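>>> Got a predicted model here, sequence first, then my questions.
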Amino acid sequence: MNIKVKDLMITNIVTTVPHKSIQHVKDIMKTKKIHSVPIVNSENEPVGIVTAKDLIKKFKEGTPVSQIMSSKVYTIPEYSDVYIAARVMRNKKIHHLLVTDENKLVGIISSFDLLQLVEDHRFTMKNPPTKSKKKVKKQRH
């Protein structure tokens, strides 16, 4: 089965903009019960992301999101295979990957979404490598 990111991503994304307050993002996460909020510009292009981990520290009231957001945003095209998303998340040690179409944010995929594949048995196991049938010549000593 060749599952695409588009088949698994969440499309009902809650976003905000860099000038909003950190409290605004905390309220969104609490209300929507989510662990990350993508930060977008006026063109709906991702410019950052705030995760629950970013909110552990205390901040002065009114501090803008731009002060704490990760501006190194990892994105993946919606038509990519999910194994590529899994590889990026593992290699970059992240749990959320923003999904784009022509640089516009169209979805988000998380490590929990990928685990759902395993839970639902919607993945295909690769066959182990087969042993070579070629005979190995013994060397005389």
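Arrived safely, thanks for sending. Numbers count the residues shown, from 1 in each chain.

>>> And the pLDDT for the most centrally placed residue in the chain?
Nearest residue to the geometric centre of the chain (Cα atoms, centre = their mean): L97, 2.0 Å. What the model reports for L97 is a pLDDT of 97.

>>> for N127, same thing?
pLDDT, N127: 63.

>>> same check, this time on the one 5 residues further on
In the prediction, the pLDDT value recorded for S132 is 63.

>>> Same check on the one 3 residues further on?
Looking at K135, its pLDDT is 61.

>>> In terms of secondary structure, what does the helix or strand of the chain with the lowest mean pLDDT contact?
When the helices and strands of the chain are compared on mean pLDDT, DSSP states H and E, helix 111-119 comes out lowest with a mean of 86. Helix 111-119 sits against helix 5-8, helix 82-92, with contacts defined as 3 or more Cβ pairs under 8 Å, 6 or more residues apart in numbering; DSSP states H and E. C-betas here are computed from N, CA, C, even on glycine.

>>> now those as a markdown table including mean pLDDT, mean neighbour count and distance to I76?
Shown next, in a markdown table, are the helices and strands packed on helix 111-119 (pLDDT from 0 to 100; neighbours: other Cβ atoms under 10 Å; distance: least, Cβ to Cβ, whole Å):
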| stretch | mean pLDDT | mean neighbour count | distance to I76 |
| --- | --- | --- | --- |
| helix 5-8 | 94 | 18 | 6 |
| helix 82-92 | 94 | 16 | 5 |
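
>>> which regions of this protein lie under the pLDDT threshold?
1, 121-141 (pLDDT under 70).

>>> Quick one: residues in contact with the strand or helix carrying the residue nearest to the centre of the chain.
Under the criterion DSSP states H and E, the helix or strand holding L97 is strand 96-101. Residues outside strand 96-101 that contact it (Cβ atoms under 8 Å, 6 or more residues apart in numbering): 5-6, 9, 35-36, 38, 46, 49, 51, 73-78, 85, 88-89, 105-111.
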